[in-house]
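Q: Generate coordinates for the sequence data below:
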Amino acid sequence: MKKLEKDMKILRKVVENYLKVGKPVSSGFIKEKENISVSSATIRNIMARLEKKGYLSQPHIAAGRVPTDIGLRYYVNFLLKKTIESRYDFTLPSDRFNIESNDFNSLLDKTSKILSEYSDNMGFVISPQISKLEFKHLRFIRLAEDKVLIILITSSNIVLNDIVMTSVPLTQEELDKFSRYINLNFKGKNLTYIKDYLIKEVPKYRVKFENSIHKLSLFLDAYFDKQRTSHIYLQGTSKILEKAELFDTERLISLFRNFEEKNKLARLLSDFISLDRVKVVIGSELQFPDISECSLIMSHYGTENQVLGSLGILGPKRLPYKEIIPLVDLVAKKLSQTISYNQ
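A: So this is what the prediction gives:
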């Protein structure tokens, strides 16, 4: 075995044992538990070398080593490759992913609960932003003088709704006209596209349709003023509290404050959305002091043609990554299959 391969094997063993016991890992412990065919002295030299490279740290002179965020990153990258190449060794009940009465929001809430239950950590699902979803039908319904309900059926047959507060006085007749105009001209597009289109096109129709087009444009402006973040579904915040010994007390309090401010948390987590099959962000990589003692494991869900949102698990850095990475991957697949099957 080459020197680098041997070093990385020892690193993986140190990380795995640290994740299990939560204490500094010594060379003697690795020799005894892992049945490695090298001496304790050799293992100790390798661990010292790994410490110099930044993969391990030694909390106390007489203690063993613990992985740094860099060491955890190497270990997680190794696992991510294995997850993509291997099959799952567990299953999830399909009936947990049923859409009941076209209630998409309930499905997302159930999915966050599944993530929490199976990981014993906090599960989250970030909903789609309606403004970015391609639709096949849309309707506006006047609820009050300053309140309008948007009902949108996406290209994948998901029914979503939202309420817009507007200062533009609109009758139901006008809203019906807007709905017909949009459905006739913009099927397969999204509200963001329509808003941008109207900005360009209003001058062309200033004489014939100025009032109607201008009102529609103002109405969409009111909607986009409100549409700054997606909704986040959280389950299992109490499970974080049960692991209080893994967090600094002040940071734990600040973390729970973020949980209460769901819009802020949704914005924070949305910053890490990517098209990676599974993305893992560890500790200092999060670049937010309040959650620097956490790890984030996330993936995205949607249809073959469009990413709708993201989901994942937030927990302490000492997570069983070997189980949680494939769990997040499988839940994302199951949710995406449910949405696609509903088309």
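
Q: all contacts plus neighbour counts: C-alpha atoms, from now on.
A: OK.

Q: Strands of the stretch 51-200 of the chain, start to end?
A: 56-57, 66-67, 122-126, 135-144, 147-154, 159-165 (DSSP state E, counting those that start in this stretch).

Q: Mind putting those into CSV with mean neighbour count?
A: Listed next are the strands of the stretch 51-200 of the chain as CSV, based on neighbours: other CA atoms under 10 Å:
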stretch, mean neighbour count
strand 56-57, 22
strand 66-67, 26
strand 122-126, 27
strand 135-144, 18
strand 147-154, 19
strand 159-165, 17
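
Q: Export those as CSV, with columns for mean pLDDT and distance to residue 73.
A: Converted to CSV, the strands of the stretch 51-200 of the chain look like this (pLDDT from 0 to 100; distance: least, CA to CA, whole Å):
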stretch, mean pLDDT, distance to residue 73
strand 56-57, 92, 11
strand 66-67, 92, 9
strand 122-126, 91, 21
strand 135-144, 92, 39
strand 147-154, 89, 38
strand 159-165, 84, 38
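
Q: which stretch among these comes nearest residue 280?
A: Of all these, it is strand 122-126 that lies closest to residue 280, at 14.2 Å by CA to CA.

Q: Mind giving me the packing neighbours of that closest one?
A: helix 104-119, strand 232-235, helix 237-241, strand 307-316 (3 or more CA pairs under 8 Å, 6 or more residues apart in numbering; DSSP states H and E).

Q: can you list the ones you listed in a markdown table and add mean neighbour count and distance to residue 155?
A: Below are these laid out as a markdown table (neighbours: other CA atoms under 10 Å; distance: least, CA to CA, whole Å):
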| stretch | mean neighbour count | distance to residue 155 |
| --- | --- | --- |
| helix 104-119 | 20 | 14 |
| strand 232-235 | 22 | 22 |
| helix 237-241 | 17 | 34 |
| strand 307-316 | 23 | 11 |
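
Q: Now render those as a markdown table, adding distance to residue 183.
A: Below are these laid out as a markdown table (distance: least, CA to CA, whole Å):
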| stretch | distance to residue 183 |
| --- | --- |
| helix 104-119 | 22 |
| strand 232-235 | 29 |
| helix 237-241 | 41 |
| strand 307-316 | 21 |
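
Q: mean pLDDT lowest for which of these?
A: In terms of average pLDDT, helix 237-241 trails the rest of the helices and strands packed on strand 122-126, at a mean of 80.

Q: which stretches of this structure form helices?
A: Assigned by DSSP state H, the chain shows helices spanning 3-21, 27-34, 40-52, 69-85, 104-119, 172-186, 191-201, 206-226, 237-241, 249-260, 262-270, 321-341.

Q: thinking again about what came up before, and of the helices and strands packed on strand 122-126, who's closest to residue 78?
A: With CA to CA, the closest approach to residue 78 among the helices and strands packed on strand 122-126 belongs to strand 307-316: 19.1 Å.

Q: Any idea how far that closest one is from the middle of the chain?
A: Centroid displacement of strand 307-316 relative to its chain, using CA atoms, centre = their mean, to the nearest Å, is 2 Å.

Q: Pull the residues that contact it.
A: 112, 115-116, 119, 121-129, 133, 240, 243, 246-247, 270, 273, 293-302, 328, 332 (CA atoms under 8 Å, 6 or more residues apart in numbering).

Q: coming back round to it: using CSV, lay out the strands of the stretch 51-200 of the chain together with distance to residue 77.
A: Below are those laid out as CSV (distance: least, CA to CA, whole Å):
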stretch, distance to residue 77
strand 56-57, 16
strand 66-67, 14
strand 122-126, 22
strand 135-144, 37
strand 147-154, 36
strand 159-165, 37
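
Q: Any idea which of those gets closest to residue 234?
A: strand 122-126 (4.6 Å).

Q: May I see the buried residues of stretch 59-66?
A: Buried positions in stretch 59-66, judged by neighbour count with 16 or more other CA atoms under 10 Å: 64-66.
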